[in-house]
Each structure stands twice: as structure tokens, then as C-alpha cells.
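Sequence first, then the predicted structure, then my questions.
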Amino acid sequence: MANFFPKQQASRPGVTQTVAYDSSVAATNAFGTETYQVRLVSNSGCCYQVGDGAQTATTASPYLPANVVEYVIVTPGQRIAAIKAATNGLVTATAGTLWITEVS
């Protein structure tokens, strides 16, 4: 019988930024020169936008539910912006915090 411990896929955590968002867009500093993936989690539903230069998230940007971890592929130097999700009968729009952790 093989003697091994089954492991979960993992990434090495790096710098973490937090963004407090509300009905106006909140943005982060540029990602590091070796960052190709980020881990996102928020404490309320939000929409986020990743890209080069200054970013503006809208309620049409990708949606991130509260307390869900999502991994996103990025390019070094890109930025992310977040805004609270729109209330549409399914989501209660509340201000919150988005944690962005650079992983490798």
C-alpha cells in the first residue's frame, strides 16, 4: 500500500491588499512584478474589474458573492477595482471589504 497523504492544490500567499468599497469604486495598488494570480474574497457581494492602468468596476463587471474564494489570472502590474453589487431582488447591496492576495 502506498504511503502518501493526498494534498489539495495550493498556492504560496504573498502580499495582501484590502479594498473598502461602497457605491463608489475603490481601487488597489498595482500587482507585483511576479504576480500572475490573485485570490479574491469579500465579506459582501461585489463586482470587480481587473486590467491595466486605472480600473473602474461597475455593476456589470464580474460578480463575486460574499465569502466565496475566487482565483483570478492576472498580469504583473495590473490593478483591480471593486464596487458593491447592485440590488436586484437577489442580492442585498451593502458596503464591504475585498481582500486581494497575490499568489504564486
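In hand now; what should we look at?

since we're on E70, how many residues are nearby?
Neighbour count of E70, defined by other Cβ atoms under 10 Å: 13. Using the backbone N, CA and C atoms, a C-beta is placed for each residue, glycine as well.

My read is that it contacts V41, right?
Yes: assessed by Cβ atoms under 8 Å, E70 is found in contact with V41 at 7.4 Å.

any shared contact partners between those two?
L64 (Cβ atoms under 8 Å, 6 or more residues apart in numbering).

Kindly export stretch 21-34 (C-alpha atoms) in CSV.
C-alpha atoms of stretch 21-34 as CSV (Å, rounded to 0.1, in the frame of the first residue of the first chain):
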residue,chain,number,x,y,z
TYR,A,21,-15.9,49.5,-1.3
ASP,A,22,-19.3,51.1,-1.4
SER,A,23,-21.3,52.7,-4.2
SER,A,24,-18.2,54.4,-5.5
VAL,A,25,-15.3,52.5,-6.9
ALA,A,26,-12.3,51.5,-4.8
ALA,A,27,-9.0,50.6,-6.4
THR,A,28,-5.7,48.9,-5.4
ASN,A,29,-2.1,49.4,-5.9
ALA,A,30,-0.5,47.7,-8.9
PHE,A,31,0.2,43.9,-8.5
GLY,A,32,3.8,42.8,-8.1
THR,A,33,6.3,42.1,-10.9
GLU,A,34,6.0,38.3,-10.3
